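Q: kindly return the folded structure for what I paste below:
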Amino acid sequence: MIQKREYDIIIFGASGFTGKLVAEYLFKNYGVNKDLKWAISGRDFSKLEVIRSEIADNSLPIIIADSNDQDSLNSITSKTKVICTTVGPYAKYGSNLVLSCVENQTHYCDLAGEVQWIRKMIDQYHEKAKSNGTKIVNSCGFDSIPSDIGVYYIQKQCQQKLKKTAKHIMMRVAGVKGGISGGTYASLSNVSKEAYKDRDVFKNVINPYGLNPVGEQNGLDKHDLRKIVFDKVSNNWIGPFVMAAINTKIVRRSHALIGYSYGKDFMYDEATLNGKGLKGMIKAYVSAIPLALLMSAKPKSLLKKVIDTFLPKPGEGPSKKNRETGFFNLRFYIKLEDGSCFIAKVIGDMDPGYGSTSKMLAESAICLAKDSLPDSAGIITPSIAMGDAILNRLQNNAGLTFSFTHK
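A: Residues are numbered from 1 along each chain as shown. Okay, the predicted model is just below:
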């Protein structure tokens, strides 16, 4: 990457709900023209002016660019070390920007949870980005930093403290407060639409190893959980977790990119905890109903239209109070190669879809711009791109806590 640039970071899509939160976080915690030089960007100057007046001051630069105008994208990517984008669905609005970043050797981070699009970007740009030293980092929010960095943290703890490797890690959502974001729902809807139209997209989305390198898309892991079962490891009734479809694939891609150092028999899965006994079973079935409706709703169907009316639109989000009173609590059940068991936790201090996600993405952008990072490049994952640097930032700045204890 060319080091001398006018800006460290440009936030693309700052007039959107999450983009505004990222910009607000940066201004509050880092200022503008101090150690961090950054700007906001989008296609509508007047909207960006309003955002600037609400969260910053006139010292914050505004740069105009449009997802469909390659020249404007090249203009912003050539000015900055890092592009941080919240403009989704990425399958609709992200491809030209990735191309521009790869061509201009500009690092990139996003919130993409769209398996089919990330696969497309890998196939088109991974080798070129790898060869010219560009880090294109997807899934830098609730999907999939807690999962990906959580596994990275766990394996480090196992190796440093126990001289062992975790062979099976089972992430369970133990608690969460905060609704699905409008952007996430739009992305999920677009994935469903593309998978419904294209059989190859469908097969890739349901393949547990769909983001692994070509020729390495197999292993011991099966499809993500789709039913209610009693889990003997956690002694709980567990059910499907909506983000497992992207999180598990990101974790497995990370493992592939480090040469399967945890072993070819390493396994990872995700689900939600619902409790014990009859009460836990009932809660599991009730909790699964919205997801079942969402996944069964065909594009343009009446059911899909009804669901659309109840869920948030892109750009919509909860109040500041609701963001700040939200949280997430993820529990990781760990089996080591010698059969011993441990538990790790990753806890976030704000609602996952907006408050915590905006902090994770902002710190990822700063990390890519400022920190000493692993010698990795290509279409890569948060742990592969940023390693210890982002783990430290998440704990020190972004309100995440990581812990590791014997079961």
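
Q: how many other residues sit next to residue 32?
A: Other residues lying near residue 32 total 16 when counted by other C-beta atoms under 10 Å. In short, each C-beta sits where N, CA and C put it, glycine included.

Q: contact partners for it?
A: 38, 56, 59-61 (C-beta atoms under 8 Å, 6 or more residues apart in numbering).

Q: can you lay out those as TSV showing secondary structure, pLDDT and distance to residue 95?
A: Converted to TSV, the contacts of residue 32 look like this (DSSP: H, G, I helix; E, B strand; the rest coil; pLDDT from 0 to 100; distance: C-beta to C-beta, whole Å):
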residue	secondary structure	pLDDT	distance to residue 95
38	strand	98	24
56	coil	95	30
59	coil	95	33
60	coil	97	28
61	coil	97	26
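
Q: name the member of these with the most neighbours.
A: Going by other C-beta under 10 Å, residue 38 tops those with 26 neighbours.

Q: which SS class is the closest residue to residue 138 other than its chain neighbours?
A: Nearest residue to residue 138 in three dimensions, chain neighbours excluded: residue 112, at 4.5 Å (C-beta to C-beta, 6 or more residues apart in numbering). In the three-state summary, residue 112 is assigned as coil, counting by DSSP: H, G, I helix; E, B strand; the rest coil.

Q: separation between residue 112 and residue 396?
A: 25 Å (C-beta to C-beta, to the nearest Å).

Q: ok, the two, which is more surrounded?
A: residue 112 (25 against 10).

Q: got a list of what the more buried one touches?
A: 88, 90, 94, 118, 138-139, 187.

Q: hmm, who's touching the longest helix seen in the chain?
A: Criterion DSSP state H: the longest helix present in the chain is helix 277-296. Outside helix 277-296, the residues within contact range by C-beta under 8 Å, 6+ apart are 188, 192, 228, 230, 236-240, 242, 272, 274-275, 303, 307.

Q: what's near enough to touch residue 299?
A: Per C-beta under 8 Å, 6+ apart, neighbours of residue 299: 189, 192-193, 196.

Q: equivalent analysis for residue 79, please.
A: Per C-beta under 8 Å, 6+ apart, neighbours of residue 79: 5-7, 10, 63.

Q: repeat for residue 189
A: 89, 299, 304, 308.

Q: most surrounded residue in those residues?
A: residue 89 (23 neighbours).

Q: where do the strands sit along this structure?
A: With strands called from DSSP state E, the chain shows them at 7-12, 38-42, 62-64, 80-85, 107-109, 135-137, 166-177, 229-231, 236-239, 267-273, 327-336, 341-348, 378-380, 400-406.

Q: and those strands as a markdown table, adding distance to residue 362?
A: Below are the strands of the chain laid out as a markdown table (distance: least, C-beta to C-beta, whole Å):
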| stretch | distance to residue 362 |
| --- | --- |
| strand 7-12 | 8 |
| strand 38-42 | 10 |
| strand 62-64 | 18 |
| strand 80-85 | 7 |
| strand 107-109 | 9 |
| strand 135-137 | 13 |
| strand 166-177 | 21 |
| strand 229-231 | 35 |
| strand 236-239 | 32 |
| strand 267-273 | 25 |
| strand 327-336 | 17 |
| strand 341-348 | 14 |
| strand 378-380 | 19 |
| strand 400-406 | 13 |
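
Q: compare those strands and give me the one nearest residue 211.
A: strand 378-380 (9.1 Å; C-beta to C-beta).

Q: can I get the contacts of residue 79 in TSV with distance to residue 285, pLDDT and neighbour count?
A: Compiled in TSV, the contacts of residue 79 are given as follows (distance: C-beta to C-beta, whole Å; pLDDT from 0 to 100; neighbours: other C-beta atoms under 10 Å):
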residue	distance to residue 285	pLDDT	neighbour count
5	53	95	19
6	55	96	13
7	50	97	20
10	46	98	27
63	50	98	21
